[in-house]
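*Asks:* Predicted model and sequence follow; I will ask about them next.
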Amino acid sequence: MKDIIQQVAVLLPLFPLAGFIIIGLLNKRLSRTLAGLIACGALLASFIVAFIIFENVSPQGTEVHVMDWINAGNFTASFSFLLDPLSSIFLLIITGVGFLIHVYSVGYMHDDDNQNIFFAYLNLFIFFMLMLVMGNSYLLMFVGWEGVGLCSYLLIGFWFKNKSYNDAAKKAFIMNRIGDLGFLIGMILIFKTFGSTDYKTVFSQANGFFSGQGVITSITLLLFIGAMGKSAQIPLYTWLPDAMAGPTPVSALIHAATMVTAGIYMVARSGVLYALAPISMTVVAITGAITLVFAATIALTQNDIKKVLAYSTVSQLGYMFLGLGVGAFSASVFHVMTHAFFKALLFLATGSVIHGLHGEQDIRKMGGLKSKLPITYIVFFIGTLAIAGIPPFAGFFSKDDILAHAYASSPVYYVIGLLGAIMTSFYMFRLLFLTFFGEFRGGDKVHPHESPKVMTVPLMVLALLSTIGGFLGVPEVLGGSNRIDKFLEPVFKPAQEKMLGGEGSAPEMILMVVAVIAAVAAIWYAYKKYVQDKEVPAPEGQRIPALQKVLYNKYYVDEIYSAVITKPLDKISGFLESIVETRFIDSIVNKTGTLVNWVGGLLRYLQSGNVDFYIFVMVVGVVLMIFFKMM
Amino acid sequence: MEKTAILILIPFIAALTQLFVPRKYGKRFAVGASLLTFIVALVTFCGFPSSGDYQYITNVTWIQSLGINFHVGMDGISMLLVLLTTFLVPLIVLSVVQSETRTPVFYSLILFMEFALIGVFTSLDGFLFYVFWELALIPIYFICLLWGGERRASVTLKFFIYTLAGSLFMLVGLVFLYLHTPGSHTFDIDALYKAGRALDLRSQVYLFIFFFLAFGIKMPVFPLHTWQPDTYTEAPTQGTMLLSGIMLKMGIYGVIRWILPVLPLGIAQCGSYVMWLAIIGVIYASIIAITRSDIKRLIAYSSIAHVGIIAAGIFFVSSENGLNINGVQGAMLQMLAHGINVVGLFFIVDIIQRKTNTRKIASLGGLRLKAPFFATAFIILTLGAVALPLTDGFVGEFLLINSIYMFNPIMAALGGLTIILGAVYMLRMYQRVVLGEPSVETENFFDLTLNEKAVLIPLLIMVILIGVCPNIFLKVSEPAVRKLLTGF
């Protein structure tokens, strides 16, 4: 059983890496079709390997050593993989959803000049994402972590002629780097504490620490800073909505389904450490809770179809962190999976809409697309039901799993989560109604059309997954066996055991009913407002109520960051150069030179060549010597 | 003859011969000669024994009465720096664009520089070390003075006097050590080591300051750096490459070879002050780099930041977590990485300047559209500079920050800001220079020529190779570093 994993594991990242190298080096020398084929083929091959691994994975995990990497002094690191239930689920999501998005991209990027490079970047992204998840140490996770950040940078700024896209790309990279510094320092502290960054060494030694010990709290908080950057949590979330500048498949793959869940993976992977740090757990839960509501309120008023989805992603990630923070590791991983299905679906369907409208993203200029893009409409509807938590769609089970655990931890968390869920239903159906219902508002010149099969087929597959994906985790109260929970149990058991105090119980059935009723009520309200009353959001520049204005402008957070950080930094830079550097440090250096010259000039008078003067000095010297001698 | 001596002799003889080579074959001869040196170095490197001792020693009496010998040899530390030098020089020569002004003397000076640099990295005699150290200053002075930019005269003079003043302190230090050797005195490295270790705290502190002035100016460490941005900016491209790619490593090498093993008490007393200066320099230079409008100057400041991290990582011998082998090893690797990245980046600047007649960020843009291969090379070097994992910048910087953390976590966190600020200034520049729409100046920009590719491709390969397989290099220097830190 183990042998097959040993043999195939290394192939998993190798396929997309080979794809990247081949397409990247040959670039335009490859035909567009061939490049697409290579990229998709690499992903399909990886998916098959991931499936084999998933089928054969052993509960305690298998380590696969590939090659040594760094040996310096007492620091060693190697390229080695850890295949266990947790990583195998992520591998399936990454390669599976990744494959569908690759196929979709063949259609979506069809008219782009740089299509080949696009595929090269996508393959490179998958490579790094696999490294992130498969690595057996924090250092390798960091490699993947920074690598996906690079790909995100390259792909957000893919249309590199546009300045605002480039700005968005740069912002994403730099903001992620802020988080990465936390990760880096946390990792160094791990090395200092445990003598290694390998999971096996770290987690086995964690038993020797007691709950609440300072060093573990520091480690987990530092790591969490990294997670906040990558998974777009307050205060490091503002890059994600801007990241929508990238082509829509990128938004689906990187900025919804996979990369942004890396933070969840990191915290879940470090479950044993977090279990020993109650303070960190609380920080994670509170950050998640605040983010989920905060982002949802912004999503209520946005008019860019991708921006709404972006804020919804931030909000959903908040749910996952809330789940992690209350100790519901497997529920959060479950939500990662269902979210990957329905959010990829929603983004790709959005891409289909944008494609059909020749680039239009403003929902005020949409409407009535139900009949013109029927397939897109149906799958979008399914995705919306899934994210709104309507049974039996996928999001229902995973979200309620998290909410039930949140309730058990503290009813306050539950109320916040419920509030978020209500808003989610509202803004998602607002989006659905404004896009697909009513009359078309895009003018006469635009003729919406349905997308080709290469795009709609992946949509249908994702729609299917969004519909049935939740059955992997049907809770026991509904007569299910929560298979995903059982599957992940061996990974999270040590963490669960370390958590202080047993979990409280939750009236799961009642909570579920309440959540569904609330969601339906929100949908009804959206229906009334946008379908019956045919309301359309106000055009740009028109006066809107103050609260709405604040939400529409995203609480002015970007403006605040710019005023508090970016601009002062530029000012300081100029000040250091023109004042400190030139007028102070360098001027001292130059003055030293002048001083030496001046002293030299003085000394020159002594060598005047005037013999009388020499004799005079000599006599004075002798007199002084005698004088001092006599004293 | 031993390989070390051969490595010193080839560029020396070539530098002399170069003067008699017809002008139109000048470049070819220089490339050939430096390539030959590289091949010898590469062969030596591949067969380098895993030992901390000096190898391939040549020891000839020079001035007997003063105990001065022509004593050269290499341990792993020297080997890596010789490899870096001999790898970069052919590329630097290759990067020259043939023109009337590039006379045989120009190439001869570069080769002479190589000779002196290899001498510095392999000297096992204090006096010989000093001679090579000063010899290296002469060719670079003339390269900058004769082929530099408009303000070359004043800038070069300042550079010359500044570094010369620093080295004189070192000479005093060396003589002081010499006078503490037993018997009729000797400049032999082992004897000087022994003499230094035997000194009392007070003397070690003075010596530390003397040596630090020489090495700190060369690197340069904040606040001794003000000669650097001007000199890098005014020097001709090949001069800047030599200065930043190799010559500043003399300073770091000096610390590793002539401070770490010699003045343990001095370091324990003063090392942390230097580390703080270095960390301040990292942040200071990074912030200044953000708003530079001239790309050459921007990279000059980024170099101060990178060197700051290296300096901070080597100025302590041990912490509560044991000997600082990780830090010195990180410094070794980072020296290679920095040499490769900075030479590549300055070459990129050179290409831009030649094809657009400007280095002003505001006038550039749209190069990606005009020159995709150029843009790719640029981004890979940029990624190396911002220490992305699997590129050359990461492993060294990680080991260095790691070791700084062992000494003082706050220093490490502050120094670590370089990974954020580095991304800020490098990506800002990359965006404005390469991305976006072409400007008037870049309208006629064309992609890399064959010659330019020949320079860049080896560098790009090294960026990835060092990032993925750092052990090839680390294992060569590890025994030497271990021996250096543990004593004999």
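*Replies:* Nice, thanks for sending it over.

*Asks:* CA only for contacts and neighbour counts going forward, please
*Replies:* OK.

*Asks:* all strands for the stretch 201-350 of chain B, in order.
*Replies:* Taking DSSP state E, counting those that start in this stretch to define them, one finds strands in the stretch 201-350 of chain B at B:318-319, B:322-323.

*Asks:* cool, and chain A?
*Replies:* A:62-72, A:75-83 (DSSP state E).

*Asks:* Mean neighbour count, these: which tops it?
*Replies:* Among these, strand A:75-83 has the highest mean neighbour count (mean count of other Cα atoms under 10 Å in any protein chain shown), at a mean of 20.

*Asks:* Excluding chain neighbours, what is closest to the residue of the stretch 501-631 of chain A found nearest chain B?
*Replies:* When scored by Cα to the nearest Cα, the stretch 501-631 of chain A has residue A:573 as its residue closest to chain B, at 4.6 Å. In this structure, residue A:573 finds its nearest non-sequential neighbour in residue B:288, 4.6 Å apart by Cα to Cα, 6 or more residues apart in numbering or on different chains.

*Asks:* Cross-check the contact I'm expecting between that neighbour and residue A:576.
*Replies:* Yes: under the criterion of Cα atoms under 8 Å, residue B:288 makes contact with residue A:576 at 6.4 Å.

*Asks:* So between those two, which is more surrounded?
*Replies:* Taking neighbours as other Cα atoms under 10 Å in any protein chain shown, residue B:288 and residue A:576 compare with residue B:288 leading, 25 against 18.

*Asks:* Spit out the contact partners of the more buried one.
*Replies:* A:573, A:574, A:576, A:577, B:301 (Cα atoms under 8 Å, 6 or more residues apart in numbering or on different chains).

*Asks:* need the strands of the stretch 201-350 of chain B in CSV with mean neighbour count and distance to residue A:372, can you?
*Replies:* Output for those, formatted as CSV (neighbours: other Cα atoms under 10 Å in any protein chain shown; distance: least, Cα to Cα, whole Å):
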stretch, mean neighbour count, distance to residue A:372
strand B:318-319, 16, 70
strand B:322-323, 15, 71
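
*Asks:* I'd like to know which of these lies nearest to residue A:521.
*Replies:* strand B:318-319 (63.3 Å; Cα to Cα).

*Asks:* sorry, back to before: and the strands of the stretch 201-350 of chain B: which comes nearest chain A?
*Replies:* It is, among these and with distance given as Cα to the nearest Cα, strand B:322-323, at 8.6 Å.

*Asks:* For the stretch 101-250 of chain A, which residue gets nearest to chain B?
*Replies:* Taking Cα to the nearest Cα, the stretch 101-250 of chain A has residue A:161 as its residue nearest chain B, at 3.9 Å.

*Asks:* can you tell me how far that residue sits from residue B:374?
*Replies:* 16 Å (Cα to Cα, to the nearest Å).

*Asks:* quick one: which of these two has more around it?
*Replies:* Counted by other Cα under 10 Å, residue A:161 and residue B:374 do not tie: residue B:374 has more neighbours, with 22 against 18.

*Asks:* re earlier: and the strands of the stretch 201-350 of chain B as a markdown table, adding mean pLDDT?
*Replies:* Listed next are those as a markdown table, based on pLDDT from 0 to 100:
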| stretch | mean pLDDT |
| --- | --- |
| strand B:318-319 | 80 |
| strand B:322-323 | 82 |
